[in-house]
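1. give me the fold of what follows.
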Amino acid sequence: MGYVSAVPPPRNDTGEAPGQDAAEASAPAGGRRSVAAALLLGALGATVVLLASGRVWARGTAAVGGGSLPLTADGRAVTGLPAALAIVGLAALVAVFAVRGKGRLLVSALLALSGLGAAVSAALAAGDRQALDAKAARATADTAAHVGALTHTAWPYVTAVGAVLILAAGLLALRFGSAWPAMGGRYERDGAARGRRAAAADPDRPEDLWKALDRGEDPTR
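-> This is a model prediction of the structure:
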């Protein structure tokens, strides 16, 4: 009758299998990459939206006294929604690291929705003429006036692209956010804050005795 001896898998100096080390090392590395990507996409997207919203989105002319008056409208005059949602997205991007659990999931969803809303609103306003019509009415003192020779620039679409970057950051947070670190995590241990232990009162220093009494301690112990 033969005997079969089980040979244990090779282990490293810490007693763990090499495959276990690789798996544990790859998880933090993947988490760091997703954090960096989300921060880059969110910050870059919000910057693009805020800058592009301040550019000229539409041009036209208004007929005044037999001549024409050139008119322009920037993105904030056309619609202020993309810029406002970009600011909301920036706040949500920071707040992702300040909360945990379901709170992080909700903030991540808010980040994604702010990017989606900014992209949709910018795309829908790309052909808007109401802002220039309003300027033409003020310039001519005629409420029925309309802008002529209307043209649109590419800045609304640049704004939409920036908003899509914010949306991508939100999707990364929804997918990988549960493994991301939180602010102040290094000061916590087992879910409880680590407090500093008060120094013992020196009986030869009256101020130490008073401080101990204020803390509710017995300075004679």
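
2. any low-confidence regions in the chain?
-> Within the chain, the set of residues satisfying pLDDT under 70 comprises 1-31, 183-221.

3. all helices for it, in order.
-> Using DSSP state H, the helices of the chain run over 18-53, 75-78, 81-95, 101-124, 130-140, 155-176, 206-214.

4. export the ones you listed as TSV, with columns for mean neighbour count and distance to residue 66.
-> C-beta coordinates here come from the backbone N, C-alpha and C atoms, glycine included. Listed next are those as TSV, based on neighbours: other CB atoms under 10 Å; distance: least, CB to CB, whole Å:
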stretch	mean neighbour count	distance to residue 66
helix 18-53	16	35
helix 75-78	22	27
helix 81-95	21	38
helix 101-124	20	36
helix 130-140	18	12
helix 155-176	23	32
helix 206-214	13	85
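
5. in JSON lines, list those helices along with distance to residue 147.
-> Output for the helices of the chain, formatted as JSON lines (distance: least, CB to CB, whole Å):
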{"stretch": "helix 18-53", "distance to residue 147": "20"}
{"stretch": "helix 75-78", "distance to residue 147": "12"}
{"stretch": "helix 81-95", "distance to residue 147": "22"}
{"stretch": "helix 101-124", "distance to residue 147": "19"}
{"stretch": "helix 130-140", "distance to residue 147": "4"}
{"stretch": "helix 155-176", "distance to residue 147": "17"}
{"stretch": "helix 206-214", "distance to residue 147": "73"}
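
6. tell me which of the ones you listed lies nearest to residue 69.
-> Among the helices of the chain, the nearest to residue 69 by CB to CB is helix 130-140 (5.5 Å).

7. elements contacting the closest one?
-> Here helix 130-140 touches strand 56-64, strand 67-74, helix 75-78, going by 3 or more CB pairs under 8 Å, 6 or more residues apart in numbering; DSSP states H and E.

8. redo that, cut-off 6 Å
-> Under the contact criterion of 3 or more CB pairs under 6 Å, 6 or more residues apart in numbering; DSSP states H and E, helix 130-140 touches strand 56-64, strand 67-74.

9. so which of those comes closest to residue 147?
-> If we rank these by CB to CB, the stretch that ends up nearest is strand 56-64, at 3.6 Å.

10. what does that closest one rub up against?
-> Identification of contacts with strand 56-64 by CB atoms under 6 Å, 6 or more residues apart in numbering yields 68-75, 78, 132, 136, 139-140, 147-153, 155-156.

11. coming back round to it: deepest of the helices and strands packed on helix 130-140, which one?
-> strand 56-64 (a mean of 20; mean count of other CB atoms under 10 Å).

12. nothing else from me, thank you.
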